[in-house]
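Participant: Below are the sequence and a predicted model for it; my questions follow.
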Amino acid sequence: MPEPFRIGIAGLGTVGVGLVELLQNNAALIHKRAGRELEIVSVSARDRGKNRAVDLTSYEWVDNVMVMADDDRLDAVVELIGGTEGVARGLVSRTLSNGRAVVTANKALLAHHGYELASIAEKNHAPLMCEAAVAGGIPIIKALREGFSANNINAVYGILNGTCNYILTTMRETGQSFEAVLQEAQEKGYAESDPAFDVDGVDAAHKLCLISALAFGVKPEIEQVKTTGITHITAKDILYAQELGYRVKLLGMTRNLRGKIIQTIEPCLVPDEGPMGAVENVFNAVFVEGDFVGDSLSVGRGAGAGPTASAVAADLVDLMRAISVPVFGIPCAAMQEADWGDSGDLTGRFYMHLVVSDKPGVLADVSAIMRDHGVSLEAVAQRGRAPDKPVSIIMSTHKVKQADIQNAARIAADLPMVHTPPCLLRIENI
Ligand code: NAP
Ligand code: HSE
């Protein structure tokens, strides 16, 4: 009879409690599939007195999580605290240094210190597993690291933040305000402890730089993700996009453009009847282009207790089966500093929404700026008629260089009759 696989769980919030519930409910199934029993030895959180809605009475309570790093009874420590520094970083680093396995859902930590932690893991022959860090319940890390391991990857596109997708979908479907829908997402356990990480695109950027590392074998560099969130997207943009046959999605895109890696997080328009347009609410999607596999699309719930706990538990089952692969799919020594490209060099079609005074000549002035920057317009429409009052002008362009349209938008923003900075969004046909 094999020894049970013994773990400590650090952090009992949305994900930690979800994991305890899953491990309690599916204990027999996991035992059967992994060939060993999984035993929770100890748990830890900040506040011992908090009601956690799961029965924790049979586990040891640990006040200082660092004790778990040094506990020789444990086969693995599960870090579900969050944050790039402090306790989470210390716990993961020390546990790995002690030669013990770590499972974490902490994409922020890995985006900032992934290479350093992977090196510690490798040096100490300690697995570091992180399936829950990217796209919740979609096993995309396993797919990139194992399933697509024999492919050169050209690009990965994804809806990587469940909170943003939930907000954009619900605003479109119900007309509720941004703030009200964000609060709902927080109540459902989708958002980060600081939801600015979600709506400013930072959480998606954390995930994207891990995807780049897995897809291209480059060291993760969060500073190299050009990041724009969704806070400037108005109900009108969502409506106008819909009228044009599109939906607004926060897309993470990493591509290998003639040897240069370009990583962007930005709200984009995607066809409402296309595969990405159909990914709604808290669902995430990851679209991979490989040289032999071709195109592959995975869809699943991107946030919340159940999907995230499912991914953490899958890592535990891999550890119980003694399956372990390098954190980023290749040994640390083989990982390279990327040659980072400039997103301004990308080309594409764009949507632009300007709020202008309804005066003769405005459209001519804006069109002249576009002409001077080599931007060819596909369609222009005014929404509403209110002489001398603000009205919306909606433009879509033919394929242009991103830097050119961005410069044109900046200059248009300075025109006296333009009221607010133009909303400029890429149109992606995926
Ligand atoms: P959460 O609900 O805020 O839970 C964090 C937990 O960490 C709480 O139980 C908290 O204790 C505990 N904690 C904080 N400081 C601690 C310390 N010094 N020692 C011990 N415990 C401490 O966060 P979450 O949503 O579960 O997220 C956890 C991690 O998973 C984060 O890295 C997050 O980015 C990641 N993640 C979350 C989701 C999601 O859908 N929520 C999805 C994928 C990945 P108290 O409860 O006592 O305050
Ligand atoms: N806050 C994150 C999201 C959790 O909404 O996608 C999942 O990583």
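Facilitator: Nice, I can see it. In this text, all values refer to a predicted model and were calculated from it rather than measured experimentally. Numbers count the residues shown, from 1 in each chain. Ligands and ions are numbered 1, 2, ... in the order given.

Participant: what helices or strands is the helix or strand of the chain with the lowest mean pLDDT leaning on?
Facilitator: Every helix and strand of the chain was ranked by mean pLDDT, DSSP states H and E. The lowest is strand 377-383, at a mean of 91. Counting contacts by 3 or more CB pairs under 8 Å, 6 or more residues apart in numbering; DSSP states H and E, strand 377-383 packs against helix 362-372, strand 390-397. Backbone N, C-alpha and C define where each C-beta goes, glycine included.

Participant: and the first one, which residues are buried?
Facilitator: Going by neighbour count (16 or more other CB atoms under 10 Å), the buried part of helix 362-372 is 362, 366-367, 369-370.

Participant: who's in contact with the residue lying closest to residue 11 once chain neighbours are set aside?
Facilitator: Leaving aside its chain neighbours, residue 11 sits nearest to residue 80 (3.4 Å; criterion: CB to CB, 6 or more residues apart in numbering). Counting by CB atoms under 8 Å, 6 or more residues apart in numbering, residue 80 touches 9-13, 15-16, 19, 104-106, 312.

Participant: ok so, going back, so for ligand 2, which of the helices and strands packed on strand 377-383 sits nearest?
Facilitator: Among those, the nearest to ligand 2 by CB to the nearest ligand atom is strand 390-397 (29.1 Å).

Participant: Tell me the secondary structure of the residue of the stretch 201-350 of the chain found nearest ligand 2, please.
Facilitator: Proximity of the stretch 201-350 of the chain to ligand 2 (CB to the nearest ligand atom) peaks at residue 303, 3.6 Å away. Using DSSP: H, G, I helix; E, B strand; the rest coil, the structure places residue 303 in coil.

Participant: To what extent is it buried, counted in neighbours?
Facilitator: With neighbours defined by other CB atoms under 10 Å, the count for residue 303 comes to 29.

Participant: Around ligand 2, pick out the residues from the stretch 51-200 of the chain.
Facilitator: Selection of the stretch 51-200 of the chain residues close to ligand 2 by CB under 6 Å from any ligand atom yields 136, 161-163, 190-192, 198.

Participant: now do 8 Å
Facilitator: By the rule CB under 8 Å from any ligand atom, the part of the stretch 51-200 of the chain lying against ligand 2 is 105, 107, 132-136, 160-166, 185, 190-192, 195, 197-198.

Participant: now the helices for the stretch 201-350 of the chain?
Facilitator: Using DSSP state H, counting those that start in this stretch, the helices of the stretch 201-350 of the chain run over 202-216, 235-243, 305-320.

Participant: just these: most buried one?
Facilitator: Across the helices of the stretch 201-350 of the chain, the average number of neighbours (mean count of other CB atoms under 10 Å) peaks for helix 202-216, which reaches a mean of 27.

Participant: so where is this structure shaky, pLDDT-wise?
Facilitator: For the chain, no stretch has pLDDT under 70.

Participant: how does it divide into domains?
Facilitator: Following automatic domain parsing, one finds the domains of the chain at 5-133, 140-301+335-343, 346-427.

Participant: so how far is the first one from its chain's centroid?
Facilitator: For domain 5-133, the gap between its own C-alpha mean and the chain's C-alpha mean amounts to 21 Å (CA atoms, centre = their mean, to the nearest Å).

Participant: same check, this time on the longest one
Facilitator: Between the mean C-alpha location of domain 140-301+335-343 and the chain-wide mean there is a distance of 6 Å, by CA atoms, centre = their mean.

Participant: my read: residue 18 touches residue 303, true?
Facilitator: No - using CB atoms under 8 Å, residue 18 is not in contact with residue 303, being 10.9 Å away.

Participant: thinking again about what came up before, once you drop chain neighbours, what's closest to the residue of the stretch 201-350 of the chain closest to ligand 2?
Facilitator: Nearest residue to residue 303, sequence neighbours excluded (CB to CB, 6+ apart): residue 162, at 3.2 Å.

Participant: if I look at the residue of the chain most remote from its centre, how far off is residue 283?
Facilitator: Distance from the centre of the chain peaks at residue 360, with 44.0 Å (CA atoms, centre = their mean). As judged by CB to CB, to the nearest Å, residue 360 and residue 283 stand 46 Å apart.
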